[in-house]
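Visitor: quick check, what structure comes out for this input:
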Amino acid sequence: MTTTKPRCPVVGFDHNSPDHSEHPVESYRELRSEHEVAWSEANGGYWILAGYEPVFEAARDDDTFTSRRTEYGGEGLSVVIPKTPMHDHIPIELDPPELAPYRKVVNKITAPAAVEKMRPMIAEHTTWFLDEVIESGTCDFASIIGVPSIVTIDWLGLDVEDWERYSEAHRATLAFPQDSPEFLHAVNDELPVLTEKVKKRIAERRAEPKEDAISFLVHSEINGRQITEEETFSIVELLISGGVGTTASLVGQSLMWLHQHHDVREQLIEDPSLIDHALEEFLRFFSPTQALARTVTHDVEFHGCPMRTGDRVLLSWASANRDEAAGFDDPDELDIHRWPNRHTAFGVGAHRCAGSHIGRAMAKELITQILERMPDYVIDEEHTVNYERQGVNVGYRSLPATFTPGPRRGDK
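Guide: Numbering: from 1, shown residues only. Below you'll find the model as predicted:
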C-alpha cells in the first residue's frame, strides 16, 4: 500500500484575510522568516511561495506550474486564488509554446516604441485630470490615479465615457470579498454589460478598422491564420484588467510614501531625472501586483515540500522583492538611488507582464505632473480608505489630499 506524504509545513496564512490586508508586508515577512514554502488550508488549500528563490524557480517552470485553466480550484480565472468568475485571459492563461504567438502580437502594441507614441495621450489625460482639481486646492488622489484606466480604454478604442465602469468592475473582482455587494454587482450586473460592449466594438473594428489597439489585434494573425474575435476579446479583457488597477496601485502607494518622506520628495522635485530609478524602486518596494497563482501539473518535491497534481500555488512577487536572497541590500528600506534593481514586480519568465512599459510611462507622467503642479500636497492619513482585500492588488479607495491651488494647463 502506498502512502502520500502530508503537505507540510502548514501555516495559518491567508493573503485575502483582513489581517493580511492590514499589514501585508509584515505578514509576508513573518511567513518568509519561518518558511519560504508553506501550505495553507485557507481558500480550499494552497501553497505559498514566499522566498525569492522558490518564486523565481516556479515562475520559470511552466511544465510544473501551469497558468492554464484546469478543473482544480474550481471555475474561473486561473491566476488568482480563489478563482474569480472571469472570461479567459490570453496570453496569461496559456503556457509555452502556445503562448508565444499571442505574446508576439501583444508585444507589438506594448513595446517601448509603441508606448512612445502613446505618451502624448497619456500626458493629455493626466493634464485633464489634474486640471479638474488644480484650482480648488483639494482632491482625492484615488480619483486622480484613475488616469491609467482612461488611458487603457482610450488606447484600446473603447468608449472613453465608460472608463469608470470598466475600472470599478474589474477592480471589484480583485479588491472585494466574493460575497460583498461590490463584487456581486460587478460580476452579475456590470461585467455582462461591458462584455457585450467590448464584443460589439471588436466586431465593428473587424469590419472597419481604425487607429486603435483593438483594430490592430482583431486584424492580426496567429500561426498563419487570422485571429478570432473570441481570442481578441480574451486579450482585450486581460489588457483592461491589468490597465485599470496595477498602475493606480503603484502611484497611490508612491504618493503616500512621498507624503511621509518630504526629503525624498524634494530630491525628485529638484532633479526629475531621478524619477526613472525611483520608479523601479517603487515597483520593488510596493509590488502593486502582490502575487499570482499557478497549478501543479504533476506530483513533485519542491524545496522539500511534497506537492501533488492539482495543488494551487501562490507566487508572491511582493514577498520575493523583500527577500535578502534576491541580492537587495536592506530590502525593507526604500532607496530611490538603488541600481541595478532586478525586482520581480512584473513577474518572471514567459508570463512577465507585457504591459510593463505602458505602466511605467503612465506612472512616470502621473508622479511627474503631481510633483510639478502639487509639490506641497498633504494627504489626510486619518481618512484614507484601503482596498478591503489586498491579496492581488494593494491600494486605496480614497486618498484625500490638499495642496496650494495652481493654474490649469490644458484646453479642455
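
Visitor: check contacts around the residue nearest the centre of the chain.
Guide: Nearest residue to the geometric centre of the chain (C-alpha atoms, centre = their mean): Thr246, 3.3 Å. Listed by C-beta atoms under 8 Å, 6 or more residues apart in numbering, the contact set of Thr246 reads 148, 288-289, 355, 359, 393. The C-beta positions use only the backbone N, C-alpha and C, and glycine is treated the same way.

Visitor: let's see that with 10 Å instead.
Guide: 148, 283, 288-289, 345-346, 353, 355-356, 358-359, 362-363, 392-393, 395 (C-beta atoms under 10 Å, 6 or more residues apart in numbering).

Visitor: nearest to Val251, out of the residues you listed: which one, please.
Guide: Of all these, Ala363 has the smallest distance to Val251: 5.3 Å, by C-beta to C-beta.

Visitor: tell me the SS of the residue nearest to Ser78 when sequence neighbours are not counted?
Guide: Of all residues not flanking Ser78 in the chain, Arg69 sits nearest, at 4.6 Å (C-beta to C-beta, 6 or more residues apart in numbering). Per DSSP: H, G, I helix; E, B strand; the rest coil, the secondary structure class of Arg69 is coil.

Visitor: neighbours of Arg69, how many?
Guide: By other C-beta atoms under 10 Å, 18 other residues sit near Arg69.

Visitor: thought it was touching Ile90?
Guide: No - under the criterion of C-beta atoms under 10 Å, Arg69 is not in contact with Ile90, lying 11.1 Å apart.

Visitor: out of the contacts of Thr246, give me the one that has the most neighbours.
Guide: Pro148 (31 neighbours).

Visitor: quick one, helices of the stretch 251-400 of the chain?
Guide: Per DSSP state H, counting those that start in this stretch, the stretch 251-400 of the chain carries helices over the ranges 262-270, 275-286, 317-320, 356-373.

Visitor: so how far is the shortest one from its chain's centroid?
Guide: The reference is to helix 317-320. 13 Å (C-alpha atoms, centre = their mean, to the nearest Å).

Visitor: which residues touch that helix?
Guide: For helix 317-320, the surrounding residues in contact (C-beta under 10 Å, 6+ apart) are 15, 24-25, 27-29, 31-32, 36, 48-56, 59, 283-292, 326, 331, 343-348, 353, 390, 394.

Visitor: can you rerun that using 8 Å?
Guide: Under C-beta under 8 Å, 6+ apart, the answer for helix 317-320 is 24-25, 28-29, 31-32, 49-52, 55-56, 287, 289-292, 326, 344-345, 347, 394.

Visitor: over to the second one?
Guide: The list of residues contacting helix 275-286 from outside it, by C-beta under 8 Å, 6+ apart, reads 249-250, 253-254, 257, 264, 268, 321, 328, 334-339, 341, 343, 345-346, 360, 363-364, 367-368, 394.

Visitor: 6 Å instead?
Guide: For helix 275-286, contacts defined as C-beta atoms under 6 Å, 6 or more residues apart in numbering pick out 253-254, 268, 321, 334, 336, 338-339, 341, 343, 345, 363-364.

Visitor: again, but for the last one
Guide: The contact list for helix 356-373, computed with C-beta under 6 Å, 6+ apart, reads 110, 112, 115, 122-123, 126, 130, 147-148, 151, 247, 250-251, 268-269, 275, 279, 346, 406.

Visitor: mind saving the C-alpha coords of that helix as CSV?
Guide: Extracted in CSV, the C-alpha atoms of helix 356-373 (Å, rounded to 0.1, in the frame of the first residue of the first chain):
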residue,chain,number,x,y,z
SER,A,356,5.2,46.9,-18.1
HIS,A,357,6.4,49.7,-20.4
ILE,A,358,2.9,51.2,-20.6
GLY,A,359,2.6,51.0,-16.8
ARG,A,360,5.9,52.8,-16.3
ALA,A,361,5.0,55.5,-18.8
MET,A,362,1.7,56.2,-17.1
ALA,A,363,3.2,56.1,-13.6
LYS,A,364,6.0,58.4,-14.5
GLU,A,365,3.7,61.0,-16.1
LEU,A,366,1.4,61.0,-13.1
ILE,A,367,4.1,61.3,-10.5
THR,A,368,6.0,63.9,-12.5
GLN,A,369,2.9,66.2,-13.0
ILE,A,370,1.8,65.8,-9.4
LEU,A,371,5.2,66.8,-8.1
GLU,A,372,5.4,69.7,-10.6
ARG,A,373,1.9,71.0,-10.0
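
Visitor: buried ones in it?
Guide: Residues 356-371, 373 are the ones in helix 356-373 that count as buried (16 or more other C-beta atoms under 10 Å).

Visitor: same question for it, mean pLDDT?
Guide: The average pLDDT for helix 356-373 rounds to 97.

Visitor: with the second one instead?
Guide: Model confidence over helix 275-286 averages 98 on the pLDDT scale.

Visitor: repeat for the third one
Guide: pLDDT averaged over helix 317-320 equals 97, rounded to a whole number.

Visitor: how close does the closest residue to Pro306 other than its chain neighbours get to Gly242?
Guide: Distances taken as C-beta to C-beta, 6+ apart place Lys5 nearest to Pro306, at 4.1 Å, with adjacent residues excluded. In this view, Lys5 and Gly242 are 37 Å apart by C-beta to C-beta, to the nearest Å.
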